[in-house]
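Colleague: here you go, sequence then predicted model.
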Amino acid sequence: MNNNILSQRVQSVEPSVTLSIASVAAELKAAGEDVISLSVGEPDFHTPSHIKQAGIDAINNNQTKYTAVDGIPTLKQAIINKFKNDNDLDYTPSQILVSSGGKQSFYNLCQATINPADEVIIPAPYWVSYPPMVQLASGVPVIVQTNMADDFKITPQQLEEAITNKTKLFVINSPSNPTGFVYNKQELKNLSEVLLKYPKILIATDDMYEHIQWTGDKFVNILNAEPKLYDRVMILNGVSKAYAMTGWRIGYCAGDKNIIKAMKKVQSQSTSNPCTISQMASISALAGDQKCVNEMNKEFIKRADLMNSLLNQIDGVKCNKADGTFYAFANCSGLIQKLNLKNDVELSSWILKEAQVAIVPGTAFGCDNHLRFSFATDEATLTKAIDKIKQAIANKTRA
Ligand code: GLU
């Protein structure tokens, strides 16, 4: 069958690189290769016991039927309480939509708000799936390159220069996947000053890594910096990263009730409610003891230090210590040159072949010459992975 059978829409995008590399690594492992995957962003910790128990109880109590499309009321209330307690933000149930993961939240938002040719400003490096989701909604991603010197954060001037009369949405992801950097309150305030001048632009803030940061400051959303944006900010979050619940697939969105209603319509005509059992487990995650979040965070901080020092020991690799997440985003141009390779895509393939370590090339995040190392794995494995890379480089440069 030729490709003409496929829609132009689907042909305009590529499969998710993070997921493809993770699956190549899993296949190699299954075939008996000693591959270490630092590709996909997935905590190695198990879902905490009290959360798993809530899922098991849901099954035993026969909570296995459909729920309201937008989520079980008790879960929506737990989300509302979370926003009040953690973020000092007020929402009502009609402003909340629970979905099957943070990905579906952003997908619903694009489908509900973007018209053909509408532009969406996305600072690069960006999380792999934002531009394809915009394209699947017939929108145009407008990519703004940021610099390592600015900790990969968009400046107010860059934002203003990217705005046109077609701009529909501006995406902020802090702490950022893949860079790990966090916008502080003043930086958000400065961006909001630009946004206040353009009242038609919506703002999507992806706060998925809210709890995984070590700046010492309380997490801030742009709404904490500028409450006047309240009607235009759609907050995306979920339980996947903070509670090691990636496979449970629960994300949520909060914002303007008309946009939430439109997103709910998209969801009602596609997937319906997110998994009932996962919703019950998420109530326990959000309303239960938060000690588990701090415990995992402590480990991530140690790993961030370790990764930063290990990566900077490799000749030709440069990596600034970030503020959060479980990713190190390293400039590898020196190494690419040293190994006589063309680019980061070739470098990541070379490392997989020669060192059996799976890493995602920066190009997948709109930033070439870089690699994203996920350190959601234990310190011994991280050390072993970097040793293998160093050994492969030594073998090649000696040869
Ligand atoms: N968000 C994670 C990552 O960036 C999970 C994979 C994905 O959905 O992209 O690795």
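Modeller: Okay, I see it.
Colleague: which parts of the protein sit against the ligand?
Modeller: S16, T18, L19, V40, G41, K103, W127, V128, S129, N177 (Cβ under 6 Å from any ligand atom). C-betas here are computed from N, CA, C, even on glycine.
Colleague: what's the following helix or strand after the host helix or strand of the third one?
Modeller: Read it as L19. Secondary structure from DSSP states H and E places L19 in helix 17-30. Once the chain leaves helix 17-30, the next helix or strand it forms, by DSSP H and E, is strand 36-37.
Colleague: beyond that next one, next helix or strand please.
Modeller: The helix or strand immediately downstream of strand 36-37 is helix 49-60, counting by DSSP H and E.
Colleague: what's across from L236 in the sheet?
Modeller: D206, C253 (DSSP bridges).
Colleague: tally of neighbours for it?
Modeller: If you count neighbours by other Cβ atoms under 10 Å, L236 ends up with 24.
Colleague: residues in contact with it?
Modeller: By Cβ atoms under 8 Å, 6 or more residues apart in numbering, the contact list for L236 reads G102, S105, F106, L109, A204, T205, D206, D207, M208, G251, Y252, C253.
Colleague: rewinding a little: now for the helix holding L19, which elements pack on it?
Modeller: Contact here means 3 or more Cβ pairs under 8 Å, 6 or more residues apart in numbering; DSSP states H and E; on that basis helix 17-30 packs against strand 36-37, helix 344-355, strand 357-358, strand 360-361.
Colleague: deepest-packed of these, please.
Modeller: Comparing the helices and strands packed on helix 17-30 by mean neighbour count (mean count of other Cβ atoms under 10 Å), strand 360-361 ranks first with a mean of 25.
Colleague: my reading is that V144 is in a helix; is that accurate?
Modeller: No. Applying DSSP: H, G, I helix; E, B strand; the rest coil, one finds V144 to be strand, outside a helix.
Colleague: in the stretch 251-399 of the chain, what residue comes closest to the ligand?
Modeller: Closest approach between the stretch 251-399 of the chain and the ligand, counting by Cβ to the nearest ligand atom: S374, at 6.4 Å.
Colleague: show me what residue of the chain gets nearest to the ligand.
Modeller: Closest to the ligand within the chain is G41: 3.2 Å, counting by Cβ to the nearest ligand atom.
Colleague: tell me what the closest residue to that residue other than its chain neighbours is bridged to.
Modeller: Sequence neighbours aside, S374 is the residue nearest to G41 in space, at 5.1 Å (criterion: Cβ to Cβ, 6 or more residues apart in numbering). As for beta bridges, S374 partners with Y327 under DSSP bridges.
Colleague: what's the neighbour count on S374?
Modeller: Around S374 there are 26 residues (other Cβ under 10 Å).
Colleague: point out where the stretch 1-150 of the chain drops to low pLDDT.
Modeller: Applying pLDDT under 70 to the stretch 1-150 of the chain picks out residues 1-3.
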